[in-house]
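1. coords please:
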Amino acid sequence: VQARWEVWPDMATQDPVDNPTIKSFDITAAAGGQEQVWIRFRWKGTWGYAWMIDDVALFETLANDVRTDAYVSYSDYLGTAFYEYGAWAESQLAPFNFAMTAANNGYQDQTGVTMTVTVNGEDAGVSEAIELPYTGVDTLRTSGWELTSGVGSYEVIYSLSADDADEDESNNVATQSFEVTDLQFGRDDGTFTGLFPGDGTDDFIALNPFDIYNDVTIYAIDVAIADGSDEGTPVIAHLFDGTDDLFLSEQYGGLLVSSDELDLASAYSNDGSESDVVWYTL
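-> Numbering: from 1, shown residues only. Predicted structure coming up:
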């Protein structure tokens, strides 16, 4: 009787994961009809930092239950490699490609599994219907939707349905949000994340890739500096061409232009808890 499941079977050292990640496993066969079942968690890997399991819930397996899985994207990044942005410059809006991974959480095979997408309450696409066998997982997609409303905030809602009435609709919906601005492009949605360089490396370059969909003139790069940075440290912004053959193979491969040098001032650093981020414009 199979009695072992891996939460992240393909994870390698330093691979990122979505937080939170929800995993469901059907233990019916392993339980064998017993009144008492023991569940043990085993660490697999080397020493170091680890992703831990926070919460466990045991429930009776339903006959018909499809659910959203870990992956949702309004650029279908895994299928297109086109980046998602928390903020989109209006001139850089591209057709949206919506995708979501669905899983069959029930013990009956599911037919007619479909993803419906709305943006700010308006229909934005319906995926082709698929079949999900018992424990099956697959990705639903719909592409080519174009946003015409312009500057503002947008909420994307992904909804799952199937031919048979779902017995647990609490896990059928996923949401995302983004902003369209006059000029600004941002992958951090107005916040800043990460502390670089963690090892104090000289001449460290933190690279944030962007897809330039339409012709554009770039005037500046806004940078947030975290507390703990040494006052007076020189900072320069560089713009690179990611399609250059030397990009990433040499430190300055593909360099297009650089800003003037700026010395850090401690008064303009951020502790990460403030709602308003202080930005350096380079």
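2. for the stretch 1-150 of the chain, which segments count as helices?
-> Here the stretch 1-150 of the chain has its helices, by DSSP state H, counting those that start in this stretch, at 28-31, 77-80.
3. turn those into a markdown table, including distance to residue 253.
-> Bear in mind the C-beta positions are built from the backbone N, C-alpha and C, glycine included. Formatted as a markdown table, those follow (distance: least, C-beta to C-beta, whole Å):
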| stretch | distance to residue 253 |
| --- | --- |
| helix 28-31 | 53 |
| helix 77-80 | 24 |
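4. worst average pLDDT in these?
-> Among those, helix 28-31 carries the lowest mean pLDDT, a mean of 84.
5. how far does that helix sit from the chain's center?
-> 34 Å (C-alpha atoms, centre = their mean, to the nearest Å).
6. same check on stretch 109-120?
-> Averaged over its C-alpha atoms, stretch 109-120 has a centre that lies 20 Å from its chain's centre (C-alpha atoms, centre = their mean).
7. mind starting the numbering at 53 from now?
-> New numbering, starting at 53: the last item is stretch 161-172.
8. buried ones in that stretch, by neighbour count?
-> Neighbour counts over stretch 161-172 (16 or more other C-beta atoms under 10 Å) mark 162, 165-169, 171 as buried.
9. where are the low-confidence patches of the stretch 103-252 of the chain?
-> For the stretch 103-252 of the chain, residues meeting the criterion pLDDT under 70 lie at 103, 241-252.
10. hmm, 80 instead?
-> 103-104, 239-252 (pLDDT under 80).
11. can you give me the first-to-last residue distance of stretch 98-115?
-> Counting by C-alpha to C-alpha, to the nearest Å, you get 39 Å between the two ends of stretch 98-115.
12. can you lay out the buried residues of stretch 161-172 as JSON lines showing distance to residue 129?
-> Below are the buried residues of stretch 161-172 laid out as JSON lines (distance: C-beta to C-beta, whole Å):
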{"residue": "162", "distance to residue 129": "26"}
{"residue": "165", "distance to residue 129": "22"}
{"residue": "166", "distance to residue 129": "22"}
{"residue": "167", "distance to residue 129": "16"}
{"residue": "168", "distance to residue 129": "20"}
{"residue": "169", "distance to residue 129": "16"}
{"residue": "171", "distance to residue 129": "17"}
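13. and these, which two are furthest apart?
-> Greatest spatial distance among these (C-beta to C-beta): 162 and 171, at 26.0 Å.
14. what's the neighbour count on the nearest residue to residue 193 once chain neighbours are set aside?
-> Closest residue to residue 193 apart from its sequence neighbours, by C-beta to C-beta, 6 or more residues apart in numbering: residue 151 at 4.7 Å. Neighbourhood size, residue 151 [other C-beta atoms under 10 Å]: 23.
15. and residue 108, by the same measure?
-> Using other C-beta under 10 Å, residue 108 is surrounded by 7 other residues.
16. likewise for the one 5 residues further on?
-> By other C-beta under 10 Å, the residues close to residue 113 number 14.
17. do the same with residue 119
-> If we define neighbours as other C-beta under 10 Å, then residue 119 has 22 of them.
18. swap in residue 107?
-> The number of residues near residue 107, taken as other C-beta under 10 Å, comes to 6.
19. if I look at the residue nearest to residue 160 when sequence neighbours are not counted, how far off is residue 211?
-> Of all residues not flanking residue 160 in the chain, residue 115 sits nearest, at 4.7 Å (C-beta to C-beta, 6+ apart). Distance, residue 115 to residue 211, using C-beta to C-beta, to the nearest Å: 20 Å.
20. on that earlier part again, what's the closest of the buried residues of stretch 161-172 to residue 73?
-> Of the buried residues of stretch 161-172, the one sitting nearest to residue 73 (C-beta to C-beta) turns out to be residue 167, at 19.6 Å.
21. now the closest one: how far from residue 178?
-> 7 Å.
22. what is in contact with those two at once?
-> By the contact definition C-beta atoms under 8 Å, 6 or more residues apart in numbering, residue 167 and residue 178 are jointly contacted by residue 194.
23. so the residue nearest to residue 160 touches residue 162, yeah?
-> No: the criterion here is C-beta atoms under 8 Å, and residue 115 misses it with residue 162 at 9.8 Å.
24. what is the neighbour count of residue 128?
-> Neighbours of residue 128 (other C-beta under 10 Å): 21.
25. hang on, I meant residue 304
-> Neighbours of residue 304 under the rule other C-beta under 10 Å: 12.
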